[in-house]
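> sequence and predicted structure below; questions after.
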Amino acid sequence: MSVSFSRRGFLGAALIVPGFRAVTGFRLNAEAAGGDGMPASFPAQDPELIKEIVTVAHGNLARVKELVTARPALARASWDWGYGDWETPIDAASHVGNRPIAEFLIANGARPTVFTAVMLGQLATVKSLIEATPGLQRMRGPHGLTMMAHARAGGTGAADVLKYLESLGDADPRYPDLPLTDDEQSAIAGDYSFGGGTGDRLIVAKGPRGFTIQRPGGSPRNLFHQGGLMFLPAGAEAVRIEIRLAPEKSLTVRDGALAVVARAV
């Protein structure tokens, strides 16, 4: 099945919706519901606020406190950075090792994960969860970050957890990323269009850490070459992105039975 990638909600793509305004203090009454400033998403959380809380939870404690104090449910919000790479505020604080933000979020209703426990150095919790779920140590968190990466982010407070994970031998799985020839690197870079709108395109480019894919206005996602110009976007192991150079240059995003084809422009 092939559909337009511009279809709302496809793969949870991060869309910038014109007209949204960040409102943290509006009154939930009939007057506000019909007035200026009410998000189009109401009663669901405003996507702009969700994206902001997840973004600032990586390091801006003051803004996290401001947003969560005004809208407590934001402590449990979740944002899809693209292709199903979901992240919550507690996820963000956990993988960068920001203990103060993580502790504030937990105190305000956030749901800690095993990755949170790893970063916080909660050895007994981590061991019990892994023993109860064999192979759990191989699970990746948001952006494909491993348990070992979270333990390293936790610093000295997570030293015992890091040592335990190292003893398991398989808590730091990396994505395969096969080399590309110079000709392949030059050939795959560029813009690929999947619709008639100015933003209906995907940009494949080489950055400091390898190739990325990005929709205009969205966030670049790292790509990992699986072979045969088939790529995996970071944090979205179920999705495959295939680039073909002949008979015409094209890019296909596959998520199960859903396939979206974009052609080089």
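Thanks, I have it.

> can you give me the strands in the stretch 101-250 of the chain?
With DSSP state E, counting those that start in this stretch as the criterion, the stretch 101-250 of the chain has strands at 190-193, 201-207, 210-214, 221-227, 230-233, 239-244, 250-255.

> who does the second one pair up with?
If I follow you right, that is strand 201-207. strand 190-193 (antiparallel), strand 210-214 (antiparallel) (DSSP bridges).

> so residue 94 sits against residue 121, correct?
No. Counting by C-beta atoms under 8 Å, residue 121 is not a contact partner of residue 94; they are 11.7 Å apart. Any C-beta I mention is one placed from the backbone N, CA and C, and that applies to glycine too.

> and the strands of the stretch 101-250 of the chain: which comes nearest residue 53?
strand 221-227 (20.2 Å; C-beta to C-beta).

> quick one: stretch 230-243 to chain centroid distance?
13 Å (C-alpha atoms, centre = their mean, to the nearest Å).

> end to end, how far does it reach?
The stretch stretch 230-243 measures 7 Å between its terminal residues, going by C-alpha to C-alpha, to the nearest Å.

> so which of the strands paired with strand 201-207 is nearest residue 61?
Per C-beta to C-beta, nearest to residue 61 of the strands paired with strand 201-207: strand 210-214, 28.7 Å.

> between residue 94 and residue 121, who's got more neighbours?
Each of residue 94 and residue 121 has its neighbours counted (other C-beta atoms under 10 Å); residue 94 has more, 31 against 19.

> show me what contacts that one?
Shown in contact with residue 94 (C-beta atoms under 8 Å, 6 or more residues apart in numbering): 102, 113, 115-116, 118-119, 141, 150, 153.

> ok, so of these, who is nearest residue 133?
Distance to residue 133 across the contacts of residue 94 (C-beta to C-beta) is lowest for residue 113, with 12.7 Å.

> neighbours of the closest one, how many?
Residue crowding around residue 113 was assessed by other C-beta under 10 Å; the count is 18.

> again, but for the one 4 residues further on
Burial of residue 117, expressed as a neighbour count using other C-beta under 10 Å, amounts to 23.

> that one reaches residue 126, doesn't it?
Yes. With contact taken as C-beta under 8 Å, residue 117 and residue 126 are classed as touching, separated by 5.2 Å.

> list the contacts for residue 201?
With contacts taken as C-beta under 8 Å, 6+ apart, residue 201 has the following neighbours: 191-195, 215-216, 262, 265.

> now restrict those residues to buried residues only.
Neighbour counting by 16 or more other C-beta atoms under 10 Å classes 192-194, 215, 262 among the contacts of residue 201 as buried.

> in a markdown table, list the residues you listed along with distance to residue 170.
Listed next are those as a markdown table, based on distance: C-beta to C-beta, whole Å:
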| residue | distance to residue 170 |
| --- | --- |
| 192 | 36 |
| 193 | 41 |
| 194 | 38 |
| 215 | 34 |
| 262 | 36 |
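
> flag the shaky bits of the protein, pLDDT-wise.
Filtered on pLDDT under 70, the chain yields the residue ranges 1-37.
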